[in-house]
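S.K.: from the sequence below, what's the structure:
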Amino acid sequence: MNSPARIEAFLEMMSAERGASDNTLSSYRRDLEDAAEHVRGNLAAAAPADIRAYLNDIAARGFAATSQARKLSALRQFFKFLYAEGLRSDDPTGTLDSPRKERSLPKTMSEAETGRLLDRAAIEAVDTALGDSAHLAALRLHALVEVLYATGLRVSELVSLPLTVALRDERFFLVRGKGNKERMVPLSEKARIAMRAWQAERKRVPPLAASPWLFPALSESGHLPRQVFARELKGLAARAGIASAKISPHVLRHAFASHLLQNGADLRAVQQLLGHSDISTTQIYTHVLEERLVRLVNDHHPLADHTS
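M.R.: Coordinates of the predicted model:
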């Protein structure tokens, strides 16, 4: 049986036994036929060196790591099928490593954009033209965004903050994060002022006043659902002239970390503030440190060119 026939047999098996969709089958066909063309049509008899040469070729052609990994996955499935059917006694992909996918950089916001967002929230929080319910919502949203940007909390940590955080009115507070671990996070003066204004208003509303949560709501958990905050944040961004698709609570958390590093913070300190148990998680921000170091050298090194 030649390679085209074995590819057809493999695709029939994927359809009949695995229930693969037409799109999946088409993708497998394209990837396997591309590989067969590279090894001169004799894909079923390819040696490990042939497959390695093919992977090097698609990398040289500029395929992204994700596309390379997909093509290798198709080949693994194909040779696994040939081995199971007794059509080969080995798997030439067995010793090959999957291409490393580049870790995507987190979405973030510039300091100017973040400033516009916070300024808009502050303006709406003191807008006397708003009705009672809209004013209450504006005060809550202002407190939420100020606290999030001041602390870098995860959104689940933010919406479930206890009321005691506001009652103590301190510059730092303990938050219980992933793995039930506690960490200390700071509160800026602006965040404390926004929380005081929200707390003063919420205690005038009977259904809210008795709640143990800082941001209570009529929900199963008793506090504001994260999805509601995310939706309100996007609306605030749009009113501040920022594309709503660009922002989420997670993006604001990334802005907190990026802006700290841009302004001289240590990576270990940011790790602790974000609640990352492993420094490798925080290292997604090393590009910020690299940019800062380049700027530092360009601005202060005696051999740097300051004429431009």
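S.K.: name the spans of the stretch 201-308 of the chain whose pLDDT lies under the cut-off.
M.R.: Along the stretch 201-308 of the chain, segments meeting pLDDT under 70 span 280-284, 286-308.
S.K.: now do the buried residues in whatever helix or strand A9 lives in.
M.R.: Using DSSP states H and E, A9 sits within helix 3-16. By neighbour count with 16 or more other Cβ atoms under 10 Å, helix 3-16 contains the buried residues 3, 6-7, 9-11, 14. (C-beta placed from N, C-alpha, C; glycine too.)
S.K.: elements contacting that helix?
M.R.: On a contact count with 3 or more Cβ pairs under 8 Å, 6 or more residues apart in numbering; DSSP states H and E, helix 3-16 meets helix 22-38, helix 65-84.
S.K.: and V205, which of these is closest to it?
M.R.: Evaluated over the helices and strands packed on helix 3-16, closeness to V205 peaks at helix 65-84, with 49.8 Å, by Cβ to Cβ.
S.K.: follow-up on the earlier one: would you reformat the helices and strands packed on helix 3-16 as TSV and include mean neighbour count?
M.R.: Shown next, in TSV, are those (neighbours: other Cβ atoms under 10 Å):
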stretch	mean neighbour count
helix 22-38	16
helix 65-84	18
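S.K.: so can I have JSON lines of the ones you listed showing mean pLDDT and distance to A138?
M.R.: Listed next are the helices and strands packed on helix 3-16 as JSON lines, based on pLDDT from 0 to 100; distance: least, Cβ to Cβ, whole Å:
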{"stretch": "helix 22-38", "mean pLDDT": "91", "distance to A138": "46"}
{"stretch": "helix 65-84", "mean pLDDT": "89", "distance to A138": "42"}
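S.K.: rebuild those as TSV, extending it with distance to A265.
M.R.: Formatted as TSV, those follow (distance: least, Cβ to Cβ, whole Å):
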stretch	distance to A265
helix 22-38	44
helix 65-84	31
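S.K.: spatially nearest residue to A237, not counting backbone neighbours?
M.R.: Leaving aside its sequence neighbours, A237 sits nearest to I247 (Cβ to Cβ, 6 or more residues apart in numbering; 4.4 Å).
S.K.: ok, that neighbour - contacts?
M.R.: 109, 117, 233-234, 237 (Cβ atoms under 8 Å, 6 or more residues apart in numbering).
S.K.: change it to 10 Å
M.R.: Residues in contact with I247 (Cβ atoms under 10 Å, 6 or more residues apart in numbering) are 107-109, 113-114, 117, 230, 233-234, 236-238, 240, 255.
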